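Peer 1: generate coordinates for the sequence data below:
(one chain, ligands or ions: 1)
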Amino acid sequence: MFYIKDQKNIIELLFPDAGEYNLILESIGNFAEKELLPAAKRVDQEEIFPRQNLEKIVNQGIMAMPFPEDYHGLGLPHPVYIAAIEMLAKACANTALQVSIQGMVCEGIRLFGDNRQKNELLKEKGLVEGRSLASFALTEPCCGSDAKSIQTKAELSGNIYVLNGTKTLITSAAEADIILVFARTDKGISSFLVPGGTPGFTVARVIQKLGFRGHKLSEIHLENCKVARENLLGEDGRGLDYAKQILNAGRMTIAAIAVGIAQAAYEKSLLYSQERTAFGQSISGFQLIQEKLADMATEINAARLLTYYAAHLRDKGKDSVSEVSQAKLFATEMALRVCDNAIQIHGGYGYTDEYDVHRHWRDARLLTIAEGTSEILRLLIAHVSLKQT
Ligand SMILES: Cc1cc2nc3c(=O)[nH]c(=O)nc-3n(C[C@H](O)[C@H](O)[C@H](O)COP(=O)(O)OP(=O)(O)OC[C@H]3O[C@@H](n4cnc5c(N)ncnc54)[C@H](O)[C@@H]3O)c2cc1C
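Peer 2: Below you'll find the model as predicted:
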């Protein structure tokens, strides 16, 4: 069973009448196990963008889960969506990452877009369902954490914005139909919806990386890239504020991906420890191995609780900046510890391609960096706490 007891217990705690949600999540769990899991290793080894998986996901309605029905969403609670993402990540982290980015961009359009943008992009172009793909382009060679210093410029000329600059470390920019690009106007940082293939928008190079190898990481050149004035998202000069809110939504899903990856590494370690023998007995009989297994299980559940709790606060419309940051901070650092222990339990084989655990570690390694480093999240959490006192 891919939808595990620990997930079900939290969903039932949050929703006493959780019957329908359990059925949905059981079905998504079966889908993830049968349809995504078998190809996950190949997606990584052969660096294949998981387009086929994403097409299958459209039929399952997974991307659409938390969005309103007005935009072809399913209107489901965020903890249910988070539980689904956790299972996607457990099966294939590369697939889950695109779902996360897609959700983040859709949330930006939902929160800050005008009615035309919402109808056209979320609904007609099918961003909410995943029929079109999205990418998020904030980082530049000069600055990632220090987003307020970005250099890309957008100059208004008549009814056209002309974008010039470089974006780097951008996921899925080459595959995306819509890229949410942040650039500086004379009013401050603003956000633009740039259709893929717009003249002047080029993928200058693909950057090799440690994990999440199903995704291409690109450097983007914007050279006199022209977009209509109506492609400005929200108000001119408010882009940095939008980026913070959009990232807050994204971080919740990154936390869920971390929990899913850790769960995969843990379950594989549990099995391996029972199969592998040393000194005439199964290594699961050694108390030092049991200690690792116990710590892994405890930390995964702690991260899961933080993550589903943050998702619940979002549903309730409560300020969740600190709680989402705590979930992302704890879950991503936890995933690294768990995956590291998983490699240790697998011994030398854990370091090889024969087993999956090093892939889980390589994938987990990104998560304490992307969408807010652990350092930046610690600053944010402390800032919220200090403001409250
Ligand atoms: C695989 C991958 C995928 C990515 N996908 C995307 C994407 O799709 N879109 C996108 O826009 N970006 C993306 N990024 C970029 C990512 O968001 C940035 O790498 C991240 O925000 C950190 O920025 P930076 O790399 O410039 O590091 P820096 O900001 O230069 O930070 C370097 C180090 O200094 C620390 N630091 C910085 N400021 C402070 C401070 N004030 N106090 C204490 N420590 C500090 C950081 O925590 C970090 O440890 C991706 C990155 C990777 C690796």
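
Peer 1: and what about the residue minimising distance to the centre of the chain, helix, strand or coil?
Peer 2: The residue lying closest to the centre of the chain (Cα atoms, centre = their mean) is Ser100, at 3.5 Å. The three-state label for Ser100, taken from DSSP: H, G, I helix; E, B strand; the rest coil, comes out as helix.

Peer 1: buried stuff in stretch 231-249?
Peer 2: In terms of neighbour count (16 or more other Cβ atoms under 10 Å), stretch 231-249 has its buried residues at 231-234, 236, 238-240, 242-243, 246-249. C-beta coordinates here come from the backbone N, C-alpha and C atoms, glycine included.

Peer 1: domain ranges for the chain?
Peer 2: What automatic domain parsing lists as the domains of the chain is 5-124, 134-238, 240-388.

Peer 1: I'd like those as JSON lines, with mean pLDDT appended.
Peer 2: Listed next are the domains of the chain as JSON lines, based on pLDDT from 0 to 100:
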{"stretch": "domain 5-124", "mean pLDDT": "97"}
{"stretch": "domain 134-238", "mean pLDDT": "98"}
{"stretch": "domain 240-388", "mean pLDDT": "98"}
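
Peer 1: out of the ones you listed, which comes closest to the ligand?
Peer 2: The ligand sits nearest to domain 134-238 of all the domains of the chain, at 1.9 Å, using Cβ to the nearest ligand atom.

Peer 1: check whether that closest one comes near the ligand.
Peer 2: Yes - interface with the ligand: domain 134-238 contributes 136-139, 143-146, 169-171, 209, 212, 217 (Cβ under 6 Å from any ligand atom).

Peer 1: likewise for stretch 316-327?
Peer 2: No - residues of stretch 316-327 are not located near the ligand by Cβ under 6 Å from any ligand atom, the shortest gap being 13.1 Å.

Peer 1: which positions in that stretch come out as buried?
Peer 2: Within stretch 316-327, the residues scored as buried using 16+ other Cβ under 10 Å are Ser320, Val321, Ser322, Glu323, Val324, Ser325, Gln326, Ala327.

Peer 1: and if you look at stretch 322-342?
Peer 2: For stretch 322-342, the buried set under the neighbour-count rule, 16+ other Cβ under 10 Å, comprises 322-336, 338-342.

Peer 1: top helix in this protein by residue count?
Peer 2: The longest helix of the chain (DSSP state H) is helix 239-275.

Peer 1: go through it and flag the buried ones.
Peer 2: Of the residues in helix 239-275, those scored as buried under the neighbour-count criterion (16+ other Cβ under 10 Å) are 239-240, 242-243, 246-269, 272-273.

Peer 1: other SSEs contacting that helix?
Peer 2: If you count contacts as 3 or more Cβ pairs under 8 Å, 6 or more residues apart in numbering; DSSP states H and E, helix 239-275 packs onto helix 78-91, helix 93-112, strand 178-185, strand 188-195, strand 281-282, helix 287-315, helix 321-345, helix 357-367.

Peer 1: 6 Å - rerun?
Peer 2: If contacts are counted by 3 or more Cβ pairs under 6 Å, 6 or more residues apart in numbering; DSSP states H and E, helix 239-275 sits against helix 78-91, helix 93-112, strand 188-195, helix 287-315, helix 321-345, helix 357-367.

Peer 1: what element comes up after it heading to the C-terminus?
Peer 2: Read in the C-terminal direction, the helix or strand following helix 239-275 is strand 277-278, with elements assigned using DSSP states H and E.

Peer 1: pull up the pairing partners for that following strand, direction included.
Peer 2: According to DSSP bridges, strand 277-278 forms sheet pairs with strand 281-282 (antiparallel).
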